[in-house]
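A.B. asks: sharing a model that was predicted from the sequence below.
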Amino acid sequence: MNLFADGRRKWVGVALIALALIGLPFALAAAGTAWVRIANLAILFAFLALGLNIVVGFAGLLDLGYIAFYGVGAYAYALLASPHFNLHLPFWVILPIGALVACVFGVLLGAPTLKLRGDYLAIVTLGFGEIVRIFLNNLSQPVNITNGPQGISRIDPFSFGAFNFSRNETIAGLAFSGPIKYYYLLLALLLLAIVVNLRLQHSRIGRAWEAIREDEVAARAMGINTTRIKLLAFAMGASFGGIAGGMFAAIQGFISPESFVLVESVMVLSMVVLGGMGNVWGVVLGAVLLTFVPELLRDWVQPVQQSLFGRTLIEPEVIRMLLFGLALVLMMLFRPAGLLPSAVRKRELAKTE
Amino acid sequence: MDIFLQQIINGLTLGSVYAIVALGYTMVYGIIQLINFAHGELVMIGAMVAFSVINALAGTHLPPVLIVLIGVLAAVPACMLVGYAMERIAYRPLRNAPRLAPLITAIGISIILQHVALLVWSRNPLAFPQIIPFVTFSVGGAIISGVQIAIILISVLMMGALTFMVYRTKLGIAMRATSQNPQVAGLMGIDIDRIISFTFIVGAALAAVAGVMVGTYYGIAHYGMGSLLGMKAFSAAVLGGIGNLAGAMLGGILLGIVEALGAGYIGDLTNNVFGSNYQDVFAFLVLIGVLVFRPSGLLGERVGDRA
Amino acid sequence: MQRMRFSLAIFAAAAALTLAGCGEEKKPEPVVSAPPAPPPPMVVKLGHVGPLTGSIAHLGKDNENGVRLAVDEANAKGLTLGGKKVKLELVAEDDQADPKVGTTVAQKLVDAKVVGVIGHLNSGVSIPASAIYNQAGIPMISGSSTNPQLTEQGFKNVFRVVGRDDQQGPAIASYLASQVKPKTVAVIDDATAYGEGLANEVEKTLKAAGVKVLPREKGTDKTADFKAILTKIKGKKPDAVFYGGMDATGGPLLKQGRELGLKAVFAFGDGACTEKMEELAGTAAEGLLCSQAGLPVQAANKKFLDAYKAKFKIDPILYAPFTYDAANLIIESMKKADSPDPAKYLPELAKISYEGASGKIEFDDKGDRKDAEMTIFTMKGGKIEPIAIIKSGKTIKFEDFIKAAETAAPAAAAPAAAAPEAAKAEPAKAAEPAKK
């Protein structure tokens, strides 16, 4: 935030960025509406990564099952707004419900595991994520709740009365395709999430998280109720995941448990780690990079290999995963605080090296 | 009754494999308090290397057991090399870093190893040549195959050898000293770096043997086979008390039997509300239950809060 | 992948043009609209999507080859629509068998202004993508998505030329019930959309036939150890075991079942109806039963088989005849409507009657194929061989089916000739199957 130290220049900068963000979907649409969809995914992942950042970045609790909350939120939305149970609640009702349900799951996971140390916690959260997925996959019997691996289709898109987010229409001479409308909605939600994150970080709670992350015993000695504060981190992170899940379900229109596997958890974690654990802007950058780079790889890697070798030697998907893995390892070795490190992390890591 | 006995045999075979893999986790954890998430991938590499060798030799007229043995002899050094490189490149520089760092590195290594294996051995499941003649013995109505007997026997042998090494040799004493207190061990003239490398190498060798066993037993190998197996084995190590050799063995065998009995009987007991579809849940629930109620595991001693 | 770079170029051109008239979607296709002196053929784009990377990339490529063959044949014959010469162009995309990627790629095809899409391969990807094509008004024909939900969404533009799970499941189940005559059957699945969907249909049919079905057992698509489940099943002494899943898990399942001394007949769906089963299960695979949706590849139109082999130097694997038919169906209805405009040819597509490489194709109200044929195979000497064809609930022995088809072949040519253009586009003897 101290990028624009001078007050007036700061506002010019903000205005420019705002303008760019407003204009972006039309520029992208010119290259193909598909790119707007990708931008939407990037925002969605940024939202998700911000949620995980509360748990991992702020409170220092490694959560490898984070995608479970995303799944819970997605299913909450899908069940309440699809022909599956013939319920069609409006989205502004369901998203808070989704957040609440995910929050409850967060506490459910958090409560029994709080006394576990970092690496044990990682493995338990991983197990928890798998358990949630397996339940989603199997709760079609004896009573059909989730429709099992078949997934839930025909999920309602977001709509305000007659204004439907998935339809194309022309407003004031500009063509607003469904994805463009979603873009603005998602962007607004993301900005809200960023504000909440920034406020949290510098609040009493944020400082308490930081204290726990640095030294739990000392934090407790300072009179911080570590149990409650840690639970709060889980609950808040999970709520973010729940909301993101609801948005995913609405945009996608179809969800099934295969969208909520371990690899997705690792993906979101990579975004947080690469961008910079604990730094809100870093996390957003991580999410945007990790969503766009694979898409660019898809478009270039294969044609380039085809023209060089006459066939595809390494599939873009494999390259993507290899780059992930390499990035995780190299980042930890050479730039452990991420691309945009948080101020505290920088200090702390400088100390240990 | 023969069904019950059969389930025990199934569980025992599976449990032996878990135990061998769990030993690798527990040794590394015991010495540097690191959960080597990528350990499961070593099992996969072992199976894949053995597959290549066995597949190449399957056409020759060598006796099948010898071919499998050559497969093992190829897989073990390959895995040792990978295990060594893993420690040297990725973990050693992070030994004093915050705890989160090596965990994330481990995830990264796991992803890299899987996808390198994918590039080398393709994405398709590899069918192990069915060279070992299928022999079965009937024990009280249950059927046990030659391969199963071999797996159980080899596991017991390896566990014995490992226990001997850790408790009766100089190297073992150095390992135990390092795990107790690395600084003091260093002062006593123990080359800690060497001991840690050695620990990784021994764990990798065990993983390689486990990989060959799994491959020949199920007749299939796949680049993604390591992660779930690794998870299960880790659960086994925790169940027995991580850092404790006997605990890993006990945990592995218990987990194997719990899984077999779970898949075999829970469905009938719960009127099929829960059944084999929740098989993997049982393992994770055992893990979570143990960690929450008895964090030191069945045989482990209370570990201080070193975080 | 020349095409890919080419389509990128078009992409860029289109991008530049649309930038100028920001967002005016109704613009005529920029590549089409420039008419220099000798009028170049109008380019009409067809899209194909399937996984070209990932664990079933080979099936995705097979599907794409089917479409490519149809497009090349149509171009070679020459196509005239609305008085203009037309050149068909195939836009091939990769959906990685991932629903998320599937919708992005679907949007890319819509952006590229394709007039019809053949795909996707996986039901889980086809379903979310179909909503995007529906909104854009582009017809979509899947040659391999078997999940009933795909055509139950009420979309008028969604079709499939392959049988649904609730057609294939009953086929293998009724064959099992009538030929093996089991008293008790154990049903296992791999907890995927495909495996569970198929297993559910099998269970339904078996129960309707009065066969006792044991409580469902489940593995996963990564399970290697089925021994606990199989031991439990063995205790209940079933006469047959059905497994809904792929060959990678079906093979070990079968092998372990025989190791445990399970004597039951093992039956599988199309995912495990491959020769890989023999590799994975060894001699245990002998005698297994399995089903495939549609006529077997070797019973597909001989001309198609020869053309495919000549062009791609390999045999078609699984669904290529279906995607080949799907592409031809779109071409055929464009001809009937005399227009490549989706809005104009869609009604023709819905009411088409066509003799394709995979047999006669007509769609019902939902867009499903009427009376889709199913084939039952058995493993004999390491090869899967067709033994029966099941059509509208009737079981016909494979040899009888071949004989009937041979005598009917000249007759079948007649109705095909009735629609003269169909006969031109399509190899003449439509229904002649390959002789073994």
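C.D. replies: Perfect, thanks for sending it.

A.B. asks: gap between the nearest residue to C:Asn328 once chain neighbours are set aside and chain A?
C.D. replies: Spatial nearest neighbour of C:Asn328, chain neighbours left out: C:Ala70 (4.9 Å); criterion: C-beta to C-beta, 6 or more residues apart in numbering or on different chains. For glycine as for every other residue, the C-beta is placed from the backbone atoms N, C-alpha and C. Counting by C-beta to the nearest C-beta, to the nearest Å, the separation of C:Ala70 from chain A is 23 Å.

A.B. asks: could I get the contacting residues of C:Ala70?
C.D. replies: C:323-325, C:327-328, C:331 (C-beta atoms under 8 Å, 6 or more residues apart in numbering or on different chains).

A.B. asks: low-confidence ranges in the chain?
C.D. replies: You didn't pick a chain, so chain A it is. Along chain A, the model assigns pLDDT under 70 to residues A:1-6, A:118, A:310-312, A:343-353.

A.B. asks: you looked at the wrong chain, it should be chain C
C.D. replies: C:1-39, C:297-300, C:405-436.

A.B. asks: so among the contacts of C:Ala70, which ones count as buried?
C.D. replies: C:323-325, C:327-328, C:331 (16 or more other C-beta atoms under 10 Å in any protein chain shown).

A.B. asks: which one of the contacts of C:Ala70 is nearest to chain A?
C.D. replies: Ranked by distance to chain A (C-beta to the nearest C-beta), the contacts of C:Ala70 are led by C:Thr323 at 20.6 Å.

A.B. asks: quick one, what contacts that closest one?
C.D. replies: Shown in contact with C:Thr323 (C-beta under 8 Å, 6+ apart): C:48, C:63-64, C:66-67, C:70, C:118-119, C:143-144.

A.B. asks: make it 6 Å
C.D. replies: Applying C-beta atoms under 6 Å, 6 or more residues apart in numbering or on different chains, we find C:Thr323 in contact with C:63, C:66-67, C:118, C:143.

A.B. asks: over to C:Ile118?
C.D. replies: Per C-beta under 6 Å, 6+ apart, neighbours of C:Ile118: C:48, C:67, C:141, C:323, C:326-327.

A.B. asks: swap the cut-off to 8 Å and go again
C.D. replies: C:Ile118 touches C:46-49, C:63, C:67, C:140-143, C:323, C:326-327, C:330, counting by C-beta under 8 Å, 6+ apart.

A.B. asks: which ones among the contacts of C:Ala70 map onto helices?
C.D. replies: Among the contacts of C:Ala70, the ones falling in helices (DSSP state H) are C:323-325, C:327-328, C:331.

A.B. asks: need those in a markdown table with distance to B:Ile152, can you?
C.D. replies: Listed next are the ones in helices among the contacts of C:Ala70 as a markdown table, based on distance: C-beta to C-beta, whole Å:
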| residue | distance to B:Ile152 |
| --- | --- |
| C:Thr323 | 50 |
| C:Tyr324 | 53 |
| C:Asp325 | 54 |
| C:Ala327 | 56 |
| C:Asn328 | 59 |
| C:Ile331 | 62 |
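
A.B. asks: residue 108 sits in which helix or strand?
C.D. replies: Assuming you mean chain A. helix A:91-113 (DSSP states H and E).

A.B. asks: meant chain B, my bad for not saying
C.D. replies: helix B:100-121.

A.B. asks: now for that helix, which elements pack on it?
C.D. replies: If you count contacts as 3 or more C-beta pairs under 8 Å, 6 or more residues apart in numbering or on different chains; DSSP states H and E, helix B:100-121 packs onto helix A:118-138, helix A:262-275, helix A:316-334, helix B:39-57, helix B:225-240.

A.B. asks: return the most buried member of these.
C.D. replies: Neighbour counts (mean count of other C-beta atoms under 10 Å in any protein chain shown) averaged over each of the helices and strands packed on helix B:100-121 peak at helix B:225-240, with a mean of 27.

A.B. asks: list the contacts for the residue in the stretch 1-150 of chain A that chain B sits nearest to?
C.D. replies: In the stretch 1-150 of chain A, the residue that lies nearest chain B is A:Gly127 (3.6 Å; C-beta to the nearest C-beta). By C-beta under 8 Å, 6+ apart, A:Gly127 lies in contact with A:65, B:231, B:235, B:284, B:287-288.

A.B. asks: among those, which one sits closest to C:Ala129?
C.D. replies: Taking C-beta to C-beta as the measure, C:Ala129 lies nearest A:Gly65 of the contacts of A:Gly127, at 28.7 Å.

A.B. asks: look up how far C:Leu81 lies from the closest residue to that closest one other than its chain neighbours.
C.D. replies: In this structure, A:Gly65 finds its nearest non-sequential neighbour in A:Gly129, 2.6 Å apart by C-beta to C-beta, 6+ apart. Going from A:Gly129 to C:Leu81 by C-beta to C-beta, to the nearest Å gives 53 Å.

A.B. asks: so which bits of the stretch 51-200 of chain B are right by chain A?
C.D. replies: B:90, B:93-94, B:96-105, B:107-112, B:114-116, B:118-119 (C-beta under 8 Å from any C-beta of the partner chain).

A.B. asks: of the contacts of C:Ile118, just say which sits nearest to B:Leu157.
C.D. replies: Among the contacts of C:Ile118, and counting by C-beta to C-beta, the member closest to B:Leu157 is C:Asn63, at 50.5 Å.
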